[in-house]
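Q: please work out how this folds:
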Amino acid sequence: MNRNQLISIVLGLVVLVLLGSSLYTVSEVNQVIITRFGEPIGDPVTEPGLKIKWPFIDTANFFEKRFLEWDGSPNQVPTRDRRFIFVDTYARWRITDPLLFFQRVRNELGAQARLDDILDGETRNAVARHDLIEIVRTSNRDPVNTTIGNEEEPEVLEQITTGREQITQEILAAASVAVSEYGIELLDLKFKRINYVPEVQQDVFARMIAERNRVAEEFRSEGQGESARIQGERERDLARIQSEAFRTSEELRGTADAEATAIYAAAYGRDASFYAFTKSLETYEKTMDPNTVLILGTDSDLMRFFENPR
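A: Next up is the predicted model:
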């Protein structure tokens with residue numbers, strides 16, 4: 001390899017390095033701030049495509065265009081009526097002014113720290129201005145009646161004037177003003193979870209269990225009463241059916257006995273001797289078995305039939 005070839009290779013490598021340091025790509029989901037020696041220059045680059053900057057001295061700082069998520073930590077907050085609750089919130093935000101964003105917070109990590117301070121503080125202030133019932137409910141509604149029959153007056157829920165949805169809008173409005181100084185726009189904010197502190201939670205659960213047990217006992221008592229009523233009706237219907245069946249069977253038995261008696265009487269009237277003979281045979285059949293020894297006298301009716309069959 002001669003000297004000219006070596007120089008060409010070196011120049012080619014230098015050109016490649018310069019091109020690699022001077023070209024950068026902006027995608028559809030990014031926006032870029034160019035800094036020179038750490039200071040931003042020019043307007044934000046928001047259009048996607050292949051872009052050029054000065055090599056080595058310029059740096060491309062990429063920021064998201066898409067919606068970003070903020071997930072707060074549960075905080076113990078007192079309400080206006082002195083109820084201590086844990087409030088867990090989340091929000092969505094985006095970078096609307098990348099230059100201001102870079103100048104104030106530098107990156108997303110710094111933005112998350114600012115959002116923690118602002119959103120947690122506004123949430124604490126809003127919760128402290130309202131009673132617990134305003135925070136856990138969104139609108140006024142009629143309670144579900146769990147009583148049995150009309151023995152008790154239906155429960156009346158306390159009416160609210162604000163509601164959770166309006167409280168979140170208050171937090172969102174106050175926080176949006178504060179975060180706008182950092183080139184950030186808040187899109188929405190919601191309460192992810194609201195819960196009692198452990199000391200109060202056990203008492204609440206105990207009251208809920210006692211109330212459910214009371215309702216269950218009312219239903220159980222009603223079921224037992226209905227069961228007793230059904231059982232009484234079943235016994236009454238069974239007694240009536242048995243009585244009717246017994247009466248019918250007795251009527252049939254009486255009719256059959258009358259018909260049998262009439263048949264017997266008719267048979268006896270036609271041949272009294274034969275009737276007496278058959279009845280004697282039936283009597284002996286019922287009173288004797290194969291192991292019975294029968295001694296008959298000459299004056300026995302059976303012997304009389306044997307001696308004179310007719």
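Q: at which residues are the helices of the stretch 101-250 of the chain located?
A: Using DSSP state H, counting those that start in this stretch, the helices assigned to the stretch 101-250 of the chain run over residues 108-128, 132-136, 164-179, 198-270.
Q: buried residues in the shortest one?
A: What that stands for is helix 132-136. Using 16 or more other CB atoms under 10 Å as the test for burial, helix 132-136 gives 132-135. Glycine gets a C-beta too; all of them are placed from N, C-alpha and C.
Q: now those residues in JSON lines, with pLDDT and distance to residue 88?
A: Below are those laid out as JSON lines (pLDDT from 0 to 100; distance: CB to CB, whole Å):
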{"residue": "132", "pLDDT": "89", "distance to residue 88": "16"}
{"residue": "133", "pLDDT": "89", "distance to residue 88": "19"}
{"residue": "134", "pLDDT": "91", "distance to residue 88": "18"}
{"residue": "135", "pLDDT": "91", "distance to residue 88": "12"}
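Q: just give me the closest of those residues to residue 63.
A: Lowest distance from residue 63 to these (CB to CB) belongs to residue 135, with 34.8 Å.
Q: residues near the nearest residue to the closest one once chain neighbours are set aside, how many?
A: Using CB to CB, 6 or more residues apart in numbering and skipping the chain neighbours, the partner closest in space to residue 135 is residue 164 (5.7 Å). The burial metric for residue 164, expressed as a neighbour count using other CB atoms under 10 Å, is 19.
Q: re the thing from before, closest to residue 35 out of the buried residues of helix 132-136?
A: Set against residue 35, the nearest of those by CB to CB is residue 135 (44.4 Å).
Q: quick one: that closest one and residue 86 touch, right?
A: No: between residue 135 and residue 86 no contact is recorded; they are 11.6 Å apart, counting by CB atoms under 8 Å.
Q: shared neighbours, the two?
A: Here residue 135 and residue 86 share the contacting residues residue 194, scored by CB atoms under 8 Å, 6 or more residues apart in numbering.
Q: wait, residue 127 touches residue 83, no?
A: No: applying CB under 8 Å as the test, residue 127 and residue 83 come out as separate, 9.7 Å apart.
Q: have a look at those two and say which one is more surrounded.
A: More crowded of residue 127 and residue 83, by other CB under 10 Å: residue 127, with 24 against 17.
Q: contacting residues for that one?
A: Contacts of residue 127 were listed using CB under 8 Å, 6+ apart, and they are 77-79, 85, 87, 135, 167.
Q: repeat that for residue 118.
A: Residue 118 touches 175, 178-179, counting by CB under 8 Å, 6+ apart.
Q: ditto for residue 185
A: Neighbouring residues of residue 185 by CB under 8 Å, 6+ apart: 93-96, 176, 179.
Q: which of these sit farthest apart?
A: By the measure CB to CB, the contacts of residue 185 have their two most distant members at 95 and 176, which lie 14.1 Å apart.
Q: so the two - more neighbours on which side?
A: Counting neighbours by other CB under 10 Å for residue 95 and for residue 176 shows that residue 95 has the greater number, 22 against 17.
Q: for the more buried one, what are phi and psi?
A: Dihedral angles phi and psi of residue 95 (degrees, to the nearest 10) take the values phi -90, psi 110.
Q: picking that back up, could I get the buried residues of helix 132-136 as CSV with distance to residue 204?
A: As requested, these are exported to CSV (distance: CB to CB, whole Å):
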residue, distance to residue 204
132, 11
133, 13
134, 17
135, 15
